[in-house]
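S.K.: no sequence on hand, only this structure:
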């Protein structure tokens, strides 16, 4: 096929593009374990053998690197391709690839589109991506031609609708947008298997999970097939499987099966993108020319007919579901910068409360509306009753939301994933759905979940899963699932500005803990700010020093005019010191640090680990006892015990005393000095009785002289969410008194404290994911392939600009203490960061005193 100018690297030994067919046949006959020649004529086997022989000669040559150099290849990607049918060809490419710069071994996984946008940003990213698809498609089409034109005849290889082939294409790029295929692997191939790390393993699992989700999808394509065929031919469907438009058009069973399977694949793409059939004119021309070269007598016309059918079907499918092809990644990418000017402008516009409460009042069933209040219908279609058609088993008929969500794309029963955005002030959403089939039920998040529920919306992305179950079976089975991703915006923040004033607050007016005291932003006097400047060098002596949040604003009467990126916690009359990494490592060296508490306590533990190690290599939502020996190069031991185990029956749960004893035993040997540290705390389960139990157990275990740090209670469980106990406003207000009792009792026992309640109560709306609304941290995967791969942990700093504080009196800042781009995980959350740094200051307070004396 030298006339076709295939983009394949040419071994110098062959003198022509690819091996001659005779040589390939000779190679395929060698080493074959089949006596009947079956394997020798299989196209995949032929391709593997010819490519192996070709590439082995190249690999064995000491000039292999020179070939790459001669081709001017500066970057190589591994593209992962899934072939679900060889004849007619149906192939899909995964959205993520592996990239590396030869001869360096360092590699990383990246979204293909992001790679092309970055690598070819000065030329044509879209054209470069299309060139890759074209190169892969050409090679796959040649493989199809070989299978059809083999001596065994076009029907030699039996059709298998459930068979598939995973392939990896090594593709090189130089300075142009035209790729060259270096090698093809017969499975998913990964770079440097012997040097793989946690990120590589995570990517492999991600890739295989996507692949088998795609292959094993439960999508039903029959309705789509009938609708597309009717649009294609203006036809009606007969029971015999033929279609009519004036005269009868007959399709074979194989052709119908191919079309139905293809539509099923189109409805289940997930992270895959269609590679072939392709509507690209160049590929269509290549296909015709290729078959004309191989089959000048037109014996294989039936294959081209099926190709035409699939291409036409693809065109109709895209027309029918053009809204489903809206690029959701564009919506999400807009949110990479939460403080975009568009968001600011939208937020600063005057609000009309009457407009916000306008309801479209679609055709919601009256009983649904009566039972669940003002919910909004997801579609403008006329109301219709449920169906008994089996083709509707996997569909929901409509989605209800309150407040109304603008789903993207617009709701369609055949579309399974949606995206919506809400502003910062919306902290909950009520979601419900109805099944399309009368025999089905809808459940949220789990098989036995409700059909309608309130969901808390943490900052960032929130996911709601809608399950459809077939209740006609003795045991209801899940037949499909829909996913709704809701992005809740951060506080709108104005950029840096010169004409500002400093504002402070302790409590939010939306949840007044002290009704008799002021709420919301209050202007800070020049005298107060000057006093802060004078206390910069004074270190806070306790972890419950009263304070307030300080933020620069254009006006303290409008929180939309503030630069929330620069908010900081300001204790009264002192500062919490921020330890540099060497100082922190020295502080925890030789110590055994024990944590017991819920997920908020666990978040502080992982923050400590990342600060000490400069990386977070492992993370899990452990609900048991976990020990870490690899902290501070093995010089520090950390253990953690989850308490309370709320999911167990009350009479079966381990008591706090039992859980503490078990943690102490698992953490031996322990010294009866401050080299042993016990950190206890959670959201709202802790009370003064637990502190008395701690004192009793430590005395019994001869550990009365260890350092104990109590993390007090925090805001949470304040939202009306289904499935958990929610606090009334009076109960939330009472948390203040409960917190004071805990702090006083702890200090009477000689324990250190960290008051997290006063820090969280004013920013209770800024919770992250989780039903409790109590998480102010999240552990996220670090992705070195992103535009800003380095992790920067910067403590919220004062917005000084020399206006109130001199350059010599600025507070200590924590910057770039976790800039290791190889860290698989990162603890994120500015509020958690503040009280975790206070924890570190109490952990190392005695060490600092020893150094100072």
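M.R.: Thanks, I have it. Nothing here was measured: the structure is a model prediction, and the numbers come from that model.
S.K.: which ones are touching residue 753?
M.R.: 542-544, 709-712, 743, 746-747, 842 (C-beta atoms under 8 Å, 6 or more residues apart in numbering). For the C-beta atoms, the positions are set from N, CA and C on the backbone; glycine is no exception.
S.K.: if you set the cut-off to 6 Å instead, what comes out?
M.R.: Counting by C-beta atoms under 6 Å, 6 or more residues apart in numbering, residue 753 makes contact with 543-544, 710, 743, 746.
S.K.: mind giving me the PyMOL command for buried ones among those?
M.R.: Restricted to buried positions by 16 or more other C-beta atoms under 10 Å, the PyMOL selection for the contacts of residue 753 reads:
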select buried, resi 543+544+710+743+746
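S.K.: got CSV for the contacts of residue 753, with pLDDT, secondary structure and distance to residue 277 too?
M.R.: Putting the contacts of residue 753 into CSV (pLDDT from 0 to 100; DSSP: H, G, I helix; E, B strand; the rest coil; distance: C-beta to C-beta, whole Å) gives the following:
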residue, pLDDT, secondary structure, distance to residue 277
543, 94, coil, 64
544, 93, coil, 67
710, 96, strand, 65
743, 95, helix, 68
746, 95, helix, 69
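S.K.: pick the one among the contacts of residue 753 closest to residue 258.
M.R.: Nearest to residue 258 among the contacts of residue 753: residue 710, at 67.1 Å, using C-beta to C-beta.
S.K.: neighbours around the spatially closest residue to residue 126 that is not a sequence neighbour, how many?
M.R.: Counting by C-beta to C-beta, 6 or more residues apart in numbering, residue 126 lies nearest to residue 116, which is 7.5 Å off, once chain neighbours are set aside. Residue 116 is flanked by 25 other residues according to other C-beta atoms under 10 Å.
S.K.: likewise residue 549?
M.R.: For residue 549, using other C-beta under 10 Å, the count is 22.
S.K.: for it, name its beta-bridge partners.
M.R.: residue 505, residue 569 (DSSP bridges).
S.K.: could I get the contacting residues of it?
M.R.: Residues in contact with residue 549 (C-beta under 6 Å, 6+ apart) are 505, 567, 569, 762.
S.K.: list the contacts for the third one?
M.R.: Looking back up the chat, that one is residue 569. Contacts for residue 569 (C-beta under 6 Å, 6+ apart) come out as 547, 549, 834.
S.K.: next up, identify which helix or strand the last one is on.
M.R.: Meaning residue 834. If you go by DSSP states H and E, residue 834 is part of helix 830-843.
S.K.: for that helix, give me every contacting residue.
M.R.: Contacts of helix 830-843 (C-beta under 6 Å, 6+ apart): 543, 569, 576-579, 603-604, 607, 709, 752, 754, 756, 759, 763, 776-777, 796.
S.K.: restricted to strands, list the residues you listed.
M.R.: 569, 709, 752, 754 (DSSP state E).
S.K.: surely residue 713 meets residue 757?
M.R.: Yes. At 5.4 Å, residue 713 and residue 757 qualify as touching, with contact defined as C-beta atoms under 6 Å.
S.K.: sketch out the low-pLDDT regions of the stretch 601-750 of the chain for me.
M.R.: 622-623, 647 (pLDDT under 70).
S.K.: the helices in it, which residues?
M.R.: 656-666, 688-700, 729-748 (DSSP state H, counting those that start in this stretch).
S.K.: mind checking the ones you listed for the one nearest to residue 525?
M.R.: helix 729-748 (25.9 Å).
S.K.: show me what that closest one is packed against.
M.R.: helix 688-700 (3 or more C-beta pairs under 6 Å, 6 or more residues apart in numbering; DSSP states H and E).
S.K.: buried ones in the helix it packs on?
M.R.: Neighbour count says helix 688-700 has 690-691, 694-695, 697-698 buried, by 16+ other C-beta under 10 Å.
S.K.: all strands for the stretch 351-500 of the chain, in order.
M.R.: Using DSSP state E, counting those that start in this stretch, the strands of the stretch 351-500 of the chain run over residues 376-377, 396-402, 417-422, 428-435, 440-444, 452-456, 460-470, 477-488.
S.K.: what's the closest of these to residue 661?
M.R.: Of the strands of the stretch 351-500 of the chain, nearest to residue 661 by C-beta to C-beta is strand 452-456, at 34.9 Å.
S.K.: show me what the closest one is packed against.
M.R.: Against strand 452-456 (3+ C-beta pairs under 6 Å, 6+ apart) you get strand 428-435.
S.K.: strand 460-470 and the strand it packs on, what's the angle between them?
M.R.: With axes from the mean of the first three to the mean of the last three C-alpha atoms, to 10 degrees applied, the angle from strand 428-435 to strand 460-470 works out at 20 degrees.
S.K.: what strands flank strand 428-435, and is each parallel or antiparallel?
M.R.: Under the rule (DSSP bridges), strand 428-435 has strand 396-402 (antiparallel), strand 452-456 (antiparallel) as partners.
S.K.: in that strand, what counts as buried?
M.R.: Result for strand 428-435 [16+ other C-beta under 10 Å]: buried residues 429-435.
S.K.: for those residues, work out which two are farthest apart.
M.R.: Top of the distance list for those (C-beta to C-beta): 429 and 435, 20.6 Å.
S.K.: for residue 263, see how far away residue 257 is.
M.R.: Between residue 257 and residue 263 the computed distance is 11 Å (C-beta to C-beta, to the nearest Å).
S.K.: now do residue 434
M.R.: 25 Å.
S.K.: could you do residue 524 as well?
M.R.: Counting by C-beta to C-beta - residue 524 and residue 263 are separated by 64 Å.
S.K.: do the same with residue 406
M.R.: 28 Å.
S.K.: between those two, who's got more neighbours?
M.R.: residue 263 (26 against 13).
S.K.: and the more buried one, what element?
M.R.: Using DSSP H and E, residue 263 falls in helix 253-266.
S.K.: so which bits of the helix or strand hosting the residue nearest to residue 126 are buried?
M.R.: Following DSSP H and E, the helix or strand that holds residue 116 is helix 112-119. Along helix 112-119, these residues count as buried under the neighbour rule (16+ other C-beta under 10 Å): 112-116, 119.
S.K.: quick check: angle from the helix or strand following it to helix 112-119?
M.R.: Remark: after helix 112-119, the chain's next helix or strand is helix 125-149, criterion DSSP H and E. Orientation of helix 125-149 against helix 112-119 (the same axes, to 10 degrees) gives an angle of 130 degrees.
S.K.: contacts for stretch 453-470, please.
M.R.: 393-394, 427-431, 433, 435, 440-445, 476-488, 490, 719-722, 767-769, 771, 773.
S.K.: quick one: the strands in the stretch 501-650 of the chain?
M.R.: With DSSP E, counting those that start in this stretch applied, the stretch 501-650 of the chain shows strands at 501-505, 522-523, 547-553, 568-571, 592-597, 625-631, 636-642, listed in chain order.
S.K.: I'd like to know which of those is closest to residue 97.
M.R.: The nearest among the strands of the stretch 501-650 of the chain, by C-beta to C-beta, is strand 625-631 at 31.7 Å.
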